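S.K.: Need coordinates for the following:
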Amino acid sequence: MSTERVSMEEHPDITELRARYDRAAETQVAQATSGLTLMAGLYVAMSPWIVGFSTTSSSLMINDLITGLAVTMLALGMASAYGRTHGIAWTVPLLGVWVIVAPWVINAVDTTTGMVLSNVIGGAVVVLLGLGALGATMMRRSVAR
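M.R.: Residues are numbered from 1 along each chain as shown. Below is the predicted model:
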């Protein structure tokens, strides 16, 4: 009987699971989803300056900047190390929903039609791409079983 302990990082099942997710990340669909999610996150982050948010909506500007950068960082993580970041892919659709509802939830924001449309469309794109990333993860899990 062997008493040698193997750390979780070196366990053969963990190594194989990460390799499987890395192979999933190499597909064209996964790469396109990661790239488009990155671009959507950058748009959300830059949208206050692209659309021209008014100075009375600085809290929405900061919200969009931070949320967009968070989506961008998650997309970068999924693109570069999917085997290690797939577990937090579920946060991308939630961030997209937050972008959609933020103009109505954040207090003291004078919104314009352009601001609302930018948030709703940008958020919807992030939600759809996030669900696509989740779907790819779920499909890989069911195929592997």
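
S.K.: got any ranges where the chain has weak pLDDT?
M.R.: 1-26, 82-84, 136-145 (pLDDT under 70).

S.K.: now the strands for it?
M.R.: Counting by DSSP state E, the chain has no strands to list.

S.K.: Need the residue closest to the centroid of it.
M.R.: residue 92 (3.3 Å; CA atoms, centre = their mean).

S.K.: my guess is that residue meets residue 71, correct?
M.R.: Yes. Here residue 92 reaches residue 71: they are 6.2 Å apart, a contact under CB atoms under 8 Å. For glycine as for every other residue, the C-beta is placed from the backbone atoms N, C-alpha and C.

S.K.: hey, what's in contact with both of those two?
M.R.: The contact sets of residue 92 and residue 71 overlap at 37, 126 (CB atoms under 8 Å, 6 or more residues apart in numbering).

S.K.: Can you get me a residue count around the closest residue to residue 54 other than its chain neighbours?
M.R.: Distance criterion CB to CB, 6 or more residues apart in numbering; nearest residue to residue 54, sequence neighbours excluded, is residue 110 at 6.2 Å. Counted with other CB atoms under 10 Å, residues neighbouring residue 110 total 11.

S.K.: What values do phi and psi take at residue 110?
M.R.: Backbone torsions for residue 110, taken as degrees, to the nearest 10, come to phi -90, psi 100.

S.K.: Repeat that for residue 107.
M.R.: Torsion angles, degrees, to the nearest 10, at residue 107: phi -70, psi 150.

S.K.: State the distance from it to residue 47.
M.R.: Residue 107 sits 20 Å away from residue 47, going by CB to CB, to the nearest Å.

S.K.: Isn't residue 112 up against residue 54?
M.R.: Yes. Shown here, residue 112 and residue 54 form a contact pair, counting by CB under 8 Å, at 6.8 Å.

S.K.: And the helix ranked longest in the chain, what does it pack against?
M.R.: In the chain, taking DSSP state H as the definition, the longest helix is helix 113-144. Packing partners of helix 113-144 (3 or more CB pairs under 8 Å, 6 or more residues apart in numbering; DSSP states H and E): helix 12-25, helix 28-47, helix 58-80, helix 91-105.

S.K.: Just the buried positions in stretch 40-49, please.
M.R.: 40-41, 43-45, 47-48 (16 or more other CB atoms under 10 Å).

S.K.: Great, nothing more from me.
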